[in-house]
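Engineer: When you get a sec, could you give me coordinates for this:
(chains A and B)
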Amino acid sequence: MVKVNGYDVPEGLYYSKDYEWAKVEGDKVRVGITDYAQKQLREIVYVEIPSAGTSVKQNEPYGTVESVKSVSDLVAPISGTVEQVNEEVSSKPELLNQDPYNKGWLLLIKPSNMDELKNLMNAQQSVEWHKSMLKEC
Amino acid sequence: MIKKTHLYEFHRKNAKMEPFAGFEMPMWYKNITPEHMAVRNGAGIFDITHMGRALIIGKDAEKFLNYVTTNDVAKLTPLSAQYSTFCNENGGIKDDFVLSRLEQEKFLAVYNAANRDKDYDWLVKNAANFNVQVEDVSDNIAMFAVQGPKAEKTLQKISTENLSMIQRFKCGWTKLADIKTFLSRTGYTGEDGFEVFVWDTPLEKPGNAVTVWNNVLKAGEEFGIPPCGLGARDTLRLEAGMCLYGNDIDETTTPLEAGLGFVVKLEKEAFIGKDALQKQKTEGVKRKRVGIRMSEAGIPRQHHEVFKGGQKIGTVTSGTYSPLLKIGIAMAYVAAEHATVGDKVEVRIREKMTEGEIVKFPFYDPTKCGYARKTV
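Structural biologist: Residues are numbered from 1 along each chain as shown, chains lettered A, B, ... in the order given. Okay, the predicted model is just below:
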């Protein structure tokens, strides 16, 4: 596990600049929010995600995550059809804070075009991106 | 230039800072929820030095204040406080504030940070025909709120005076950690507690303010007192049903619409806004501020629309996730004929019509939380 200023950036995942991760599992892709995202949001109290069968599009909002005071869009790292959703996060949104890369996953997507992964960062690139972003603020 | 309170160094080291009303202020130290719950269950301390404060002194002080405010200042005995509003000629709220009577001819008004200049100018402008002096003391007095069921016990440990003698909406002078302070048993959380004024302490000389702050934190250690940020201040006031100026009230809303009729004393002689408010009272208000407690998941936020049976009846002015009730809560203005406690309504949260119910303020059970709780 790579840490940048205390933010976990696990290897083997793809990353978007909208603070989401994507993990290839055969012909499916599992997605969720990054450790950096959950730490910025803090105290996540509400998650709204689409139901199975819905289409999502890369770089477009598919849901919402809310902390006590803020509302943020969830932006899809890849296009496709939602195969499965993590039902548990609806009743336990704190899972996104506790375990963003595992129990806090959001959607399992059947991508319409795996080539879209090329638009994402790999772990190494994401580490560099985290570093440059943190330097700016 | 952005201003810094006396406790800036402490906040900067310990809190997430954000600009607020011209000041760099702490939003939260650990997180909103633990700070919020500490105030409901024990005690918390807030730096609220950013608020506006003015002294109104002179022979005509009472007469002048009765003219510019809506509440009855004649009823205010020395060392008492009252909640009140300044209105414009149309009855619209220029600000809401707490007025304390220090002496027969000396008052302290504590108003919203965002309205500091507006209120001071309004006071000065209207004081022209009165034998009265208005002095902006905002930057010469540090101000903290120590709130929660253990607030009195915390402050008593470092106070020279018996604080149980100061009842709700009463004030008094004491020394805290050997420093001269004025206390008023008021607040913006719904809980028992005090607002602490560290007198004669300009921003450039933070020593006394820092000493009082540190000593309150130390005295409150046994009750688990944390420093609390503006995040928890907002969620606490919302649960208590208290208005936030700029969200829930402004110059286009009247105290009668806002459910603040108890601070409008129409039997007083002429005061600014009286005619308009008298007329509105006679004709009846068209909209009212109500509380909405959500019945299902989904958090109402400012500007969300409120519906009943498919018909739009109003708009949310403040909304949050309630750390205490663990559900969404909101304040909204709805058409007066629909402002009925117990009625089911829907809030359109993004695309989704989300069910809620119109409830009384405060949102919590006042026998279990807040200053009137039966158990501590």
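
Engineer: Go through stretch B:251-264 and flag the buried ones.
Structural biologist: By neighbour count with 16 or more other Cβ atoms under 10 Å in any protein chain shown, stretch B:251-264 contains the buried residues B:253-261, B:263-264. From N, CA and C alone the C-beta is placed, and that goes for glycine too.

Engineer: could these go into TSV alongside pLDDT?
Structural biologist: Compiled in TSV, those are given as follows (pLDDT from 0 to 100):
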residue	pLDDT
B:253	98
B:254	98
B:255	98
B:256	98
B:257	98
B:258	98
B:259	98
B:260	98
B:261	97
B:263	98
B:264	98
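
Engineer: from what I can see residue A:14 touches residue A:122, true?
Structural biologist: Yes - with contact defined as Cβ atoms under 8 Å, residue A:14 counts as touching residue A:122 (6.4 Å).

Engineer: neighbour-wise, which of the two wins?
Structural biologist: residue A:14 (23 against 13; other Cβ atoms under 10 Å in any protein chain shown).

Engineer: Now do the contacts for that one.
Structural biologist: By Cβ atoms under 8 Å, 6 or more residues apart in numbering or on different chains, the contact list for residue A:14 reads A:21-24, A:77, A:117, A:120-122.

Engineer: Show me which residues of chain A sit near chain B.
Structural biologist: A:42-43, A:45-46, A:48, A:64, A:66-69, A:71, A:90 (Cβ under 8 Å from any Cβ of the partner chain).

Engineer: which of those residues tops the neighbour count?
Structural biologist: Tallying neighbours with other Cβ under 10 Å puts residue A:45 at the head of those, with 26 neighbours.

Engineer: hmm, back to that, from the contacts of residue A:14, list just the buried residues.
Structural biologist: Counted by 16+ other Cβ under 10 Å, the contacts of residue A:14 give A:21-23, A:77, A:117, A:120-121 as buried.

Engineer: how about the strands of chain A, start to end?
Structural biologist: According to DSSP state E, chain A carries its strands in the segments A:2-4, A:7-9, A:14-15, A:20-25, A:28-33, A:44-48, A:55-56, A:61-67, A:71-75, A:80-85, A:107-111.

Engineer: Return the closest of the buried ones among the contacts of residue A:14 with respect to residue B:55.
Structural biologist: Using Cβ to Cβ, residue A:21 comes nearest to residue B:55 of the buried ones among the contacts of residue A:14, at 57.0 Å.

Engineer: Tell me how far the residue nearest to the closest one when sequence neighbours are not counted lies from residue B:118.
Structural biologist: The spatial neighbour of residue A:21 that comes closest, neighbours along the chain excluded (Cβ to Cβ, 6 or more residues apart in numbering or on different chains), is residue A:13 at 4.6 Å. Per Cβ to Cβ, to the nearest Å, residue A:13 is found 51 Å from residue B:118.

Engineer: between these two, which one's more packed in?
Structural biologist: More crowded of residue A:13 and residue B:118, by other Cβ under 10 Å: residue A:13, with 22 against 16.

Engineer: can you tell me the average pLDDT over stretch B:9-16?
Structural biologist: The average pLDDT within stretch B:9-16 is 98.

Engineer: The helix or strand containing residue B:231 near chain A at all?
Structural biologist: Assigned by DSSP states H and E, residue B:231 belongs to helix B:230-240. Yes - Helix B:230-240 comes into contact with chain A (Cβ under 8 Å from any Cβ), by way of B:231, B:234-235.

Engineer: packing partners for that helix?
Structural biologist: Judged by 3 or more Cβ pairs under 8 Å, 6 or more residues apart in numbering or on different chains; DSSP states H and E, helix B:230-240 is in contact with strand B:23-28, helix B:32-41, strand B:44-47, strand B:311-322, strand B:327-335.

Engineer: In JSON lines, list these along with mean pLDDT, mean neighbour count and distance to chain A.
Structural biologist: Below are these laid out as JSON lines (pLDDT from 0 to 100; neighbours: other Cβ atoms under 10 Å in any protein chain shown; distance: least, Cβ to the nearest Cβ, whole Å):
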{"stretch": "strand B:23-28", "mean pLDDT": "97", "mean neighbour count": "22", "distance to chain A": "8"}
{"stretch": "helix B:32-41", "mean pLDDT": "98", "mean neighbour count": "23", "distance to chain A": "5"}
{"stretch": "strand B:44-47", "mean pLDDT": "98", "mean neighbour count": "29", "distance to chain A": "16"}
{"stretch": "strand B:311-322", "mean pLDDT": "98", "mean neighbour count": "21", "distance to chain A": "4"}
{"stretch": "strand B:327-335", "mean pLDDT": "98", "mean neighbour count": "24", "distance to chain A": "8"}
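
Engineer: and the end-to-end length of stretch B:108-116?
Structural biologist: Stretch B:108-116 has an end-to-end distance of 14 Å (criterion: Cα to Cα, to the nearest Å).

Engineer: Stretch A:22-40 now?
Structural biologist: One end of stretch A:22-40 sits 19 Å from the other (Cα to Cα).

Engineer: repeat for stretch B:183-203
Structural biologist: End to end - Cα to Cα - stretch B:183-203 spans 19 Å.

Engineer: got the buried residues for that stretch?
Structural biologist: Neighbour counts over stretch B:183-203 (16+ other Cβ under 10 Å) mark B:183-198, B:201, B:203 as buried.

Engineer: go on, stretch B:59-68?
Structural biologist: Buried, per 16+ other Cβ under 10 Å, within stretch B:59-68: B:60-62, B:64-68.

Engineer: Domain map for chain B?
Structural biologist: Here the domain parsing of chain B from automatic domain parsing is B:8-49+B:141-237, B:54-114+B:254-283, B:286-366.
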